[in-house]
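Colleague: Just the structure for this:
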Amino acid sequence: MTRWAAFAGITLAVLSLLLVLARASQSLVGPHHGERRRLDRLDDGADHLDATTATAPDHDSPAAATLESSPPAPTTAALLANVAVSHGLFAVLLVGGIWLTGVPASALGVTDAPASTGLLAVAVGLGVGVAISLANAVAAGLADALGTDPSRELRELLAPESAGGWVVLLGVVLPVIAGFEELLFRAALVGGFAAGFDVSPWPLAVLSSVAFAAGHGAQGRLGVLVTGLLGLALAVAFVVTNSLLVVVVAHYVVNAAEFVAVEGLDWRPFGR
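Modeller: This next block holds a predicted model:
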């Protein structure tokens, strides 16, 4: 017998812990740290300049003074490890809670149907991910051109600077993020709650998207809004397809495409 109340309690506890951790981590990915990394990159590329062609200012700029007074920026490796480990631990807690409470896999969007767990689900996930990525690219490109890209600081902090780092990001960190966040925000909060408490999944889709947005406060107010819309799109895809695999694939494609296009290939469709 499924213990739905216990499942709900465990799910909400994991959600609460995630939101608390996200709130505590916002100071690690603030704008000053992103600016520090950009200045460091400029400094690295300026070593070859002739000292006679560039004169250092006699006083520090306000931005430099602010950076000097801010906490040390975490390294990319440390941030990636923190994200992977924290999300992995939360995933273990949630999966353990699902197993202990006897929640059926079908309530979470996992069935034997090809559209749920087969190649068809992967294909649908790729299609959904590409569609969302195109919309996201246009929005992010416009925001970047206007100097208001909400994800820029976080992307720059997480973007690797070596081939090995990209392998870790694309092969470990992003899959862990996509898998855990879809299991929590779509499978559990939408599918599980709808099945367990006999309610419509649509209001749950909206509420889970609000919670999803709240967990991305490091991207600023505009970033929270954009993330909320992304979460809603993924929630709609989950309700329509009843497939966890579809939204996991779609989520991964959106994240990977943004990192590769913007940080890896330095693609700016509307300029900088």
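Colleague: From now on I want contacts and neighbour counts done on CA atoms only, so please keep to that.
Modeller: Noted.
Colleague: Now do I132 against V247, distance only.
Modeller: 11 Å (CA to CA, to the nearest Å).
Colleague: Who has more neighbours out of the two?
Modeller: A direct count of neighbours by other CA atoms under 10 Å for I132 and V247 places V247 higher, at 35 against 18.
Colleague: Run through the helices of the stretch 51-200 of the chain in chain order.
Modeller: 62-69, 76-101, 114-117, 119-145, 152-158, 163-168, 174-182, 193-197 (DSSP state H, counting those that start in this stretch).
Colleague: Show me what the third one is packed against.
Modeller: Identification of packing neighbours for helix 114-117 by 3 or more CA pairs under 8 Å, 6 or more residues apart in numbering; DSSP states H and E yields helix 119-145, helix 244-258.
Colleague: Mind giving me the packing neighbours of the first one?
Modeller: Under the contact criterion of 3+ CA pairs under 8 Å, 6+ apart, the helices and strands touching helix 119-145 comprise helix 114-117, helix 220-241, helix 244-258.
Colleague: Mind putting those helices into a markdown table with mean pLDDT and distance to G192?
Modeller: Conversion of those to a markdown table gives the following (pLDDT from 0 to 100; distance: least, CA to CA, whole Å):
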| stretch | mean pLDDT | distance to G192 |
| --- | --- | --- |
| helix 114-117 | 88 | 16 |
| helix 220-241 | 89 | 11 |
| helix 244-258 | 96 | 11 |
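Colleague: out of the ones you listed, which comes closest to L19?
Modeller: Closest to L19 of the helices and strands packed on helix 119-145, according to CA to CA: helix 220-241, at 13.0 Å.
Colleague: Pull out the C-alpha coordinates of that closest one and format them as PDB.
Modeller: Only the C-alpha atoms of helix 220-241 are listed here, as PDB (Å, rounded to 0.1, in the frame of the first residue of the first chain):
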ATOM      1  CA  GLY A 220      18.100  37.500 -10.400                       C
ATOM      2  CA  ARG A 221      14.500  38.500 -10.800                       C
ATOM      3  CA  LEU A 222      14.500  38.300 -14.500                       C
ATOM      4  CA  GLY A 223      16.200  34.900 -14.300                       C
ATOM      5  CA  VAL A 224      13.600  33.700 -11.800                       C
ATOM      6  CA  LEU A 225      10.800  34.700 -14.300                       C
ATOM      7  CA  VAL A 226      12.500  33.000 -17.200                       C
ATOM      8  CA  THR A 227      13.200  29.800 -15.200                       C
ATOM      9  CA  GLY A 228       9.600  29.800 -14.100                       C
ATOM     10  CA  LEU A 229       8.500  29.800 -17.700                       C
ATOM     11  CA  LEU A 230      11.000  27.100 -18.500                       C
ATOM     12  CA  GLY A 231       9.600  25.000 -15.600                       C
ATOM     13  CA  LEU A 232       6.100  25.500 -16.800                       C
ATOM     14  CA  ALA A 233       7.000  24.400 -20.300                       C
ATOM     15  CA  LEU A 234       8.600  21.200 -18.900                       C
ATOM     16  CA  ALA A 235       5.600  20.600 -16.700                       C
ATOM     17  CA  VAL A 236       3.200  20.900 -19.600                       C
ATOM     18  CA  ALA A 237       5.400  18.400 -21.500                       C
ATOM     19  CA  PHE A 238       5.300  16.000 -18.600                       C
ATOM     20  CA  VAL A 239       1.500  16.200 -18.200                       C
ATOM     21  CA  VAL A 240       0.900  15.700 -21.900                       C
ATOM     22  CA  THR A 241       3.400  12.800 -22.300                       C
END
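Colleague: Can you tell me what sits against it?
Modeller: For helix 220-241, the surrounding residues in contact (CA atoms under 8 Å, 6 or more residues apart in numbering) are 109, 115-116, 128, 132, 149-151, 186-187, 190-191, 201-202, 205-206, 208-210, 212-214, 216-217, 244, 246-247, 250-251.
Colleague: change it to 6 Å
Modeller: Outside helix 220-241, the residues that touch it by CA atoms under 6 Å, 6 or more residues apart in numbering are 150, 186, 205, 209-210, 213, 216-217, 247.
Colleague: returning to what we had before: let me know which of the helices and strands packed on helix 114-117 is tucked in deepest.
Modeller: helix 244-258 (a mean of 25; mean count of other CA atoms under 10 Å).
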